[in-house]
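Trainee: below is the sequence, then the predicted model.
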Amino acid sequence: AHSEALEQAGALREALHWIERLRADDPLQEDHHAAAMRLHHRLGEPAAALEVYARCEALLRSELGVAPGAATQALAARLRAAERLA
């Protein structure tokens with residue numbers, strides 16, 4: 001909730017800092033990865049956003065034997081499309 005409030009206030013870098021702490025504490029929480037992807041994108045860091053997705057995908061496959069959920073996959077697809085357009 002704190003990170004979301006920071007993001008809404010435009011403090012994107014600080015919001016990302018808190019999301020990264022959450023990712024470190026609970027690396028299997030896919031929502032934290034998606035939030036980091038979104039924040040990196042909003043900060044103009046598309047490569048970092050897609051790297052977060054790649055790490056999330058690898059982690060979920062190795063630890064749980066599953067792929068990221070449809071919403072996270074769709075976010076990654078939108079980020080890839082935006083990067084191609086840029």
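Mentor: That came in fine, so what should we check first? Model, not experiment: these values are computed from the prediction.
Trainee: list the contacts for H2?
Mentor: W18 (CB atoms under 8 Å, 6 or more residues apart in numbering). All C-beta spots, glycine's among them, are computed from the backbone N, C-alpha and C.
Trainee: repeat that for 10 Å
Mentor: Counting by CB atoms under 10 Å, 6 or more residues apart in numbering, H2 touches E14, A15, W18, I19, L22.
Trainee: centroid residue for this protein?
Mentor: In the chain, the centroid-proximal residue (CA atoms, centre = their mean) is M37; its distance is 2.6 Å.
Trainee: longest helix of this protein?
Mentor: In the chain, assigned by DSSP state H, the helix with the most residues is helix 46-64.
Trainee: got the contact list for that helix?
Mentor: Around helix 46-64, the neighbours that count as contacts under CB under 10 Å, 6+ apart are 16, 19-20, 23, 27-30, 32-43, 45, 66-69, 72-73, 75-77, 79-80, 82-84, 86.
Trainee: just the buried members of the residues you listed?
Mentor: 16, 19-20, 23, 30, 32-41, 68, 72, 75-76, 79 (16 or more other CB atoms under 10 Å).
Trainee: helices of this structure, start to end?
Mentor: In the chain, the segments counted as helices under DSSP H are 2-8, 12-25, 30-42, 46-64, 70-85.
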